[in-house]
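In: Okay, here's the prediction I keep looking at, along with the sequence it came from:
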Amino acid sequence: MAKQAKAKLDKKGLTGLGLDKLIDILLEESAANKALKTRLQTALAGETGPDEMARLLDRRIDAIDQATTRINRARAKDLSVEFAALARNILSELGGADSKAAAERILRFLALRFPVSARLATDNARLWKVFEDTEVATIELIKSIDAEEQVLLVPQIEKLRLRDRYGEHTGFLRALTGVLSAPAAKAWRTALAELLPSEPLKLGALDLLQSLALHQGDIDAFLTLERQKPDNRRDTLAVAALLHQAERFEDALEWVRERPRGVRLIPVNGVLASVGPEYGAHERRLLEAEILDRLKRREDAQELRWREFGETLNPAVLRLYLSKLDDFAEFDEMDRAFAVAKAHDDIYLALDFFLAWPRLDLAAEHVMQHRHDWEGRYYDDLAPAAETLTAKEPLAAVVLYRVLVEDILRRGIGMAYPHAGRYVGELARLIPQLPEGHGLSTHAAFLAELKRNHSKKYGFWSSVPGGLAG
């Protein structure tokens, strides 16, 4: 007997149910599902044209905007479903019939975030996720609209910006500056410039004007606006990078050398943050070196890179410095760099450098030279170093593992006892590999000393591999 094929939940399968059956299901489900009911009503309104659809959507947006009742957690959950459906109706149903009308309504929808936020009893991530997803879709919708129709959206965009008292839409508005047509961007710049005198320190208008200027390739307008900012709002490093990219090297040098003073409020990874005067100091120095290179001031550039390496012992900086040298000059400079690392005040930074370069022989020499200076609390440096040195420099690895074990026990860090036990196992394995006359106590003597001082730390001793605890 042939196996009967099952109908799938797809267009073909649903067509097989017949129109009457589908209508009955939709009517029954829409009675209990408000989002589905709204979607069906919007689609029906569309049968008479986009104007009726827009009127229906406006009525719902107005009702939400004017509501004043408190929104509890349960209601917020329901609203997230309802709002997601409302956004889909605007974008899909109205957007398919009249994209400009849809853009106007979706901007109004995004503005609902502000009155809804004031009514919430508790914050609701699911609700904000709806707005965030809608922002992404709105950018794509506005991008698809004709240039002249985008101009007509500028008043609606400004209404949204002016309602944004706490900066929830800063990222969205900044993204919008990158998709507007030249006529729309010009219209928005005009509107923002008119308001700028009344809000000179407001983050929105000035920053958006700068973003619009950049997207139109007007760097001079961008710089003029940057100069209008107070010192604690200027991001001189970002401006220098922009000018360097634009190959305006003299201007870039001027900005990169304008050292910040005090605490500033600048964008960090897309989010405004308070930073001190030293924020970005290393990046600033390396950018200045690159600018000097482009200005044919090679010696000055190399001096900056060397100074940066001397402070940070950053292998990438040293490689960059060496790459700019004449042929065969790098060998002497590498010896000089190793000498700088050996003499550096931060012995942990120097150890990291030798391991990363890599020069394990110099790392081991460095470990032994400072064998009495290491502190186990710098676990993040010493544990990986010991592991790296194990294969080729076992003596240095033993020194570091013993430092780690002794520190864990001395400070009684119970959660680290399993690590200490594992280190004892490594020590037992490494000791036989040490050269004659290594100068360290035997493993038995090391364990005996631990027992004298920490015999009652049973959590540690139970973590030592079997037979090694004596």
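Out: Looks like it arrived, so ask away. Given the structure is predicted, the values throughout are model-derived calculations rather than measurements.
In: Please enumerate the strands of this structure.
Out: For the chain, the strands defined by DSSP state E occupy 264-268, 271-275.
In: Nearest to Ile347, out of the ones you listed?
Out: Smallest distance to Ile347 across those (C-beta to C-beta): 28.8 Å, for strand 271-275. Using the backbone N, CA and C atoms, a C-beta is placed for each residue, glycine as well.
In: and that closest one, which residues are buried?
Out: Buried residues in strand 271-275, counted by 16 or more other C-beta atoms under 10 Å: none are found.
In: Pairing partners for it, with directions?
Out: strand 264-268 (antiparallel) (DSSP bridges).
In: buried ones in the partner strand?
Out: Buried-residue list, strand 264-268, by 16+ other C-beta under 10 Å: Arg264, Leu265, Ile266.
In: Can you tell me which of the residues you listed is nearest Gly276?
Out: Out of those, the member with the shortest distance to Gly276 (by C-beta to C-beta) is Arg264, at 8.0 Å.
In: Tell me the span between the first and last residue of stretch 261-272.
Out: 18 Å (C-alpha to C-alpha, to the nearest Å).
In: can you list contacts of that stretch?
Out: For stretch 261-272, contacts defined as C-beta atoms under 8 Å, 6 or more residues apart in numbering pick out 167, 170-171, 203, 231-235, 238, 273-277, 279.
In: And for stretch 459-469?
Out: Residues contacting stretch 459-469 (C-beta under 8 Å, 6+ apart): 408-409, 414, 417-418, 420-422, 424-425, 428, 447, 454.
In: and what of stretch 334-351?
Out: 309-310, 312-313, 318, 322, 353-354, 359, 362-363, 366-367, 369-370, 373-374, 378, 381-382, 385.
In: Stretch 238-248 too?
Out: Against stretch 238-248 from outside (C-beta under 8 Å, 6+ apart): 214, 219, 222-223, 226, 249, 251-253, 255-256, 266-267, 284, 287-288, 290-291, 294.
In: in that stretch, what counts as buried?
Out: Buried, per 16+ other C-beta under 10 Å, within stretch 238-248: Val239, Ala240, Ala241, Leu242, Leu243, His244, Arg248.
In: any idea which of the residues you listed is closest to Asp98?
Out: The closest of those to Asp98 turns out to be Leu242 (C-beta to C-beta; 38.9 Å).
In: before we move on, back to that, could I have the buried ones of the contacts of stretch 238-248 as ChimeraX selection syntax?
Out: Buried residues within the contacts of stretch 238-248, by 16+ other C-beta under 10 Å, are selected in ChimeraX with:
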select :219,222,223,226,249,251,252,253,255,256,266,284,287,288,290,291
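In: Return the subset of the contacts of stretch 238-248 lying in helices.
Out: 214, 219, 222-223, 226, 249, 251-253, 255-256, 284, 287-288, 290-291, 294 (DSSP state H).
In: Please tell me how far Phe328 sits from Leu192.
Out: Distance, Phe328 to Leu192, by C-beta to C-beta, to the nearest Å: 57 Å.
In: make that Glu333, sorry
Out: 52 Å.
In: So which of these two has more stuff around it?
Out: Leu192 (20 against 15; other C-beta atoms under 10 Å).
In: just for this structure, where's the confidence low?
Out: Applying pLDDT under 70 to the chain flags the ranges 1-14, 16-49, 167-168, 200-203, 467-470.
In: Identify the structural domains in it and state their residue ranges.
Out: The record's domain parsing of the chain by automatic domain parsing lists 230-296, 367-470.
In: Can you say which of these is nearest to Ala84?
Out: Among the domains of the chain, domain 230-296 sits nearest to Ala84 (C-beta to C-beta), with 24.9 Å.
In: Ends of that closest one, what's the gap?
Out: Start-to-end, domain 230-296 (C-alpha to C-alpha) is 33 Å.
In: now swap in stretch 169-180 and tell me
Out: Per C-alpha to C-alpha, the first residue of stretch 169-180 is 17 Å away from its last.
In: Pull out the buried positions in that stretch.
Out: His169, Thr170, Phe172, Leu173, Arg174, Ala175, Leu176, Thr177, Val179, Leu180.
In: In helices, which of those fall?
Out: Going by DSSP H, the helices hold Thr170, Phe172, Leu173, Arg174, Ala175, Leu176 from those.
In: Need the residues you listed in CSV (columns: distance to Asn124).
Out: Output for these, formatted as CSV (distance: C-beta to C-beta, whole Å):
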residue, distance to Asn124
Thr170, 20
Phe172, 19
Leu173, 23
Arg174, 25
Ala175, 23
Leu176, 25
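In: Return the member of these nearest to Ser144.
Out: Distances from Ser144 to these, taken by C-beta to C-beta, are shortest for Leu176, at 13.4 Å.
In: What residues does the closest one make contact with?
Out: By C-beta under 8 Å, 6+ apart, the neighbours of Leu176 are Ile139, Ile142, Ile157.
In: Please report which of those has the highest neighbour count.
Out: Busiest of the contacts of Leu176 [other C-beta under 10 Å] is Ile157, holding 26 neighbours.
In: quick one on the thing from earlier: so which pair among the contacts of stretch 261-272 is furthest apart in space?
Out: Gly171 and Pro277 (26.6 Å).
In: those helices in the stretch 51-200 of the chain, which residues are they?
Out: 73-88, 95-97, 99-111, 113-119, 125-144, 147-163, 170-176, 182-195 (DSSP state H, counting those that start in this stretch).
In: With respect to burial, which of those helices scores highest?
Out: helix 99-111 (a mean of 22; mean count of other C-beta atoms under 10 Å).
In: quick one on the thing from earlier: which two of the buried residues of stretch 238-248 have the greatest separation?
Out: Greatest spacing in these, by C-beta to C-beta: Ala241 and Arg248 (11.4 Å).
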